[in-house]
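1. sequence-free structure coming up:
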């Protein structure tokens with residue numbers, strides 16, 4: 001019942017009137033109680049789902065929905081890549097000395113110990129080493145304090161140390177005399193002793209020596225640090241100090257909780273390593289794959305000058321390919337094409353860059369006896385990686401040398417690897433390309449209203465020519481998105497439904513960015529938020545779960561009557577549960593409006609008993625306020641809620657809450673093989 005303010009004021013003035021007269025005036029002003037109640041005003045929409053083979057159902061590409069990883073927001077360094085030491089090679093301040101050694105710190109009074117840097121490392125590509133001079137000694141009038149003096153590293157805003165877990169410590173050391181070092185893990189102040197390693201004692205370390213230790217934690221603290229201390233006078237040099245948890249995913253170096261969040265999305269592809277990270281503000285700071293392979297100690301690292309932090313490139317070309325394989329996702333390698341934000345290589349001089357990329361493809365795909373394939377094999381992966389997609393640059397189409405450079409890469413790759421699909425940065429959604437390509441890259445960052453309205457954008461794309469790769473999409477308007485709101489997720493859901501229904505024209509799509517360390521936000525919003533110890537998904541992350549069964553599924557024709565396209569969007573698929581081989585008809589509906597909607601569903605083309613009476617579920621993503629977000633204090637505030645669905649059948653009604661995303665999974669009796677009259681090239685006529 002809806003009563004206007006003027007009606008309420010009128011009733012108050014009528015004090016002596018009976019309750020009957022009061023109700024009469026309520027009805028006169030509000031109408032709803034006298035003429036049909038709430039049901040008379042509710043929005044009713046009919047959804048028709050055509051599951052008949054006559055409607056030309058279409059198979060969605062296996063790669064349609066995937067993920068895009070960029071080294072931004074400390075996504076890899078300090079995030080998915082489980083290395084706990086920040087600036088492990090002391091190179092982050094630059095290749096020259098004195099180098100800024102942050103976040104390393106000193107334990108002990110500066111009258112007892114001094115640290116500096118020099119270029120005495122044994123590693124040719126990262127020469128900076130830390131020099132520690134200790135003037136106190138084991139005993140006597142100048143004795144070192146009980147805890148000793150030394151250096152510590154707090155990791156990336158704290159190391160998460162967990163009781164019972166084992167951590168592998170590796171570092172390189174040399175000294176002018178004998179060494180007596182104590183290694184350990186403590187709280188941020190060095191008071192709580194979480195793990196103490198055996199003393200590392202060498203009578204002769206004049207030459208650089210590799211030291212390894214296993215530290216088992218006897219306590220837990222999410223804000224811990226690594227420390228190396230001594231009570232002996234002398235001069236000691238350190239380099240390449242690494243601390244990794246032993247229990248990374250398959251021992252491949254990926255932080256388990258973050259990896260599992262990616263795996264739960266069932267991504268069809270992994271685009272890497274960027275983004276602007278690939279380009280660099282200047283070419284000297286672009287990601288170059290050859291600098292990121294081989295033994296981790298020998299990788300020089302580089303300063304990512306777009307997102308303004310150092311990465312030691314422990315998460316390199318090999319690790320990205322390994323990540324894709326571990327996720328069961330097709331790798332999509334984005335490489336630098338001789339163009340950065342501020343400088344670029346002329347096409348007449350691009351051939352060395354082309355050869356570098358051909359070498360990178362050989363590293364990924366070459367036989368273990370080939371030059372670069374043997375390097376991959378030596379790193380522990382003798383079999384080739386299944387790399388079949390490459391993107392020539394990132395957002396470079398409008399730059400002077402892009403087209404000329406692109407053609408050089410395209411021709412060389414096509415000749416050497418004719419099965420590899422090459423992706424252009426130039427948008428072909430409205431006009432044909434002036435160069436050959438297998439796909440074109442399309443990015444959209446906008447407000448919620450525009451994103452939702454973009455659901456029909458690819459309805460108007462040309463059916464001829466290359467397919468679209470929507471590799472970056474997100475609602476980014478501050479008023480709409482915040483740091484990850486329900487409103488943003490619902491708008492994106494509408495857009496993604498449009499991609500799904502146009503999956504004959506769109507081959508791949510991924511949200512961006514994927515990760516953000518809460519202590520280094522370079523971009524808002526992001527799909528997954530984390531710190532040293534915890535993580536949670538934003539509503540946009542959970543929105544993607546509604547589409548994770550779409551890859552390889554059968555897209556059905558749907559229509560809404562009436563069609564309030566500015567409020568309601570829907571799609572339907574048939575997908576198979578790989579664990580039990582059950583087939584489901586999934587209906588997804590997003591209600592972008594502020595009013596509830598009664599949805600009357602009619603499924604055509606199925607026999608009467610094709611939908612089982614039990615085993616169906618409903619999943620909804622919504623919240624009390626459309627601007628609601630998740631957080632570390634309330635990580636599950638906006639998450640999908642699943643419940644059993646009753647009274648299912650070919651005709652059924654559901655009520656859609658305001659500002660909500662629904663998924664209905666109807667268990668069917670469909671046979672193991674569903675014959676389709678068309679192929680991937682068949683376009684769904686009803687959108």
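-> Ah, there it is. What you see is a predicted model; the values in this text were computed from it and never measured.
2. A helix includes residue 167, no?
-> No - Residue 167: not assigned to a helix; according to DSSP: H, G, I helix; E, B strand; the rest coil it is strand.
3. So for residue 43, what pLDDT did the model give?
-> Per-residue pLDDT puts residue 43 at 89.
4. Need phi/psi at it.
-> phi -90, psi 130 (degrees, to the nearest 10).
5. swap in residue 543?
-> According to degrees, to the nearest 10, residue 543 has phi -60, psi -40.
6. any idea of the pLDDT on the closest residue to residue 145 other than its chain neighbours?
-> The spatially closest residue to residue 145, leaving aside those adjacent along the chain, is residue 108, at 6.7 Å (CB to CB, 6 or more residues apart in numbering). To be clear about C-beta, it is placed using only N, CA and C from the backbone, and glycine gets the same treatment. Model confidence at residue 108, given as pLDDT, is 95.
7. what's the spacing between residue 108 and residue 151?
-> Remark: distance between residue 108 and residue 151 (CB to CB, to the nearest Å) = 9 Å.
8. How about residue 164?
-> Taking CB to CB, one finds residue 164 at 27 Å from residue 151.
9. More neighbours: these two, which one.
-> Between residue 164 and residue 151, counted using other CB atoms under 10 Å, the more crowded position is residue 151 (22 against 9).
10. Identify the bridge partners of that one.
-> Assessed by DSSP bridges, residue 151 has beta-bridge partners residue 106, residue 228.
11. just the helices in this structure please.
-> Applying DSSP state H to the chain gives helices spanning 5-13, 19-30, 256-263, 276-279, 317-327, 351-365, 371-378, 402-416, 448-453, 478-481, 486-501, 539-545.
12. could I get the ones you listed as JSON lines with mean neighbour count and mean pLDDT?
-> Formatted as JSON lines, the helices of the chain follow (neighbours: other CB atoms under 10 Å; pLDDT from 0 to 100):
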{"stretch": "helix 5-13", "mean neighbour count": "12", "mean pLDDT": "34"}
{"stretch": "helix 19-30", "mean neighbour count": "14", "mean pLDDT": "39"}
{"stretch": "helix 256-263", "mean neighbour count": "17", "mean pLDDT": "98"}
{"stretch": "helix 276-279", "mean neighbour count": "24", "mean pLDDT": "97"}
{"stretch": "helix 317-327", "mean neighbour count": "22", "mean pLDDT": "98"}
{"stretch": "helix 351-365", "mean neighbour count": "18", "mean pLDDT": "98"}
{"stretch": "helix 371-378", "mean neighbour count": "17", "mean pLDDT": "98"}
{"stretch": "helix 402-416", "mean neighbour count": "18", "mean pLDDT": "98"}
{"stretch": "helix 448-453", "mean neighbour count": "21", "mean pLDDT": "97"}
{"stretch": "helix 478-481", "mean neighbour count": "17", "mean pLDDT": "95"}
{"stretch": "helix 486-501", "mean neighbour count": "27", "mean pLDDT": "98"}
{"stretch": "helix 539-545", "mean neighbour count": "24", "mean pLDDT": "98"}
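13. Need the ones you listed in a markdown table (columns: distance to residue 439).
-> Output for the helices of the chain, formatted as a markdown table (distance: least, CB to CB, whole Å):
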| stretch | distance to residue 439 |
| --- | --- |
| helix 5-13 | 56 |
| helix 19-30 | 56 |
| helix 256-263 | 23 |
| helix 276-279 | 17 |
| helix 317-327 | 17 |
| helix 351-365 | 17 |
| helix 371-378 | 25 |
| helix 402-416 | 12 |
| helix 448-453 | 22 |
| helix 478-481 | 27 |
| helix 486-501 | 14 |
| helix 539-545 | 21 |
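14. wait, which of those is closest to residue 519?
-> Among the helices of the chain, helix 256-263 comes nearest to residue 519, with 15.2 Å by CB to CB.
15. quick check: angle from that closest one to helix 317-327?
-> Computed by axes from the mean of the first three to the mean of the last three CA atoms, to 10 degrees, the angle separating helix 256-263 from helix 317-327 equals 60 degrees.
16. measure residue 135 to residue 317 for me?
-> According to CB to CB, residue 135 and residue 317 sit 44 Å apart.
17. Quick one: find the helix or strand in this protein with the lowest mean pLDDT.
-> When the helices and strands of the chain are scored by mean pLDDT, DSSP states H and E, helix 5-13 comes last with a mean of 34.
18. Give me the pLDDT for the residue nearest the centre of the chain.
-> Nearest to the geometric centre of the chain sits residue 514, at 2.4 Å (CA atoms, centre = their mean). As predicted, residue 514 sits at a pLDDT of 98.
19. Would you agree it is in contact with residue 71?
-> No - taking contacts as CB atoms under 8 Å, residue 514 lies outside contact range of residue 71: 10.5 Å.
20. hang on, the earlier thing: for residue 435, which of the helices of the chain is the nearest?
-> Closest to residue 435 of those, according to CB to CB: helix 402-416, at 6.0 Å.
21. quick one: contacts of that closest one?
-> With contacts defined as CB atoms under 8 Å, 6 or more residues apart in numbering, helix 402-416 is touched by 337-339, 344-345, 347, 350-351, 353-354, 357-358, 361, 390, 392-393, 396-397, 420, 422, 424-426, 434-437.
22. okay, the angle between that helix and helix 351-365?
-> 40 degrees.
23. now helix 402-416, how far from the chain's geometric center?
-> Mean-position distance between helix 402-416 and its chain equals 29 Å (CA atoms, centre = their mean, to the nearest Å).
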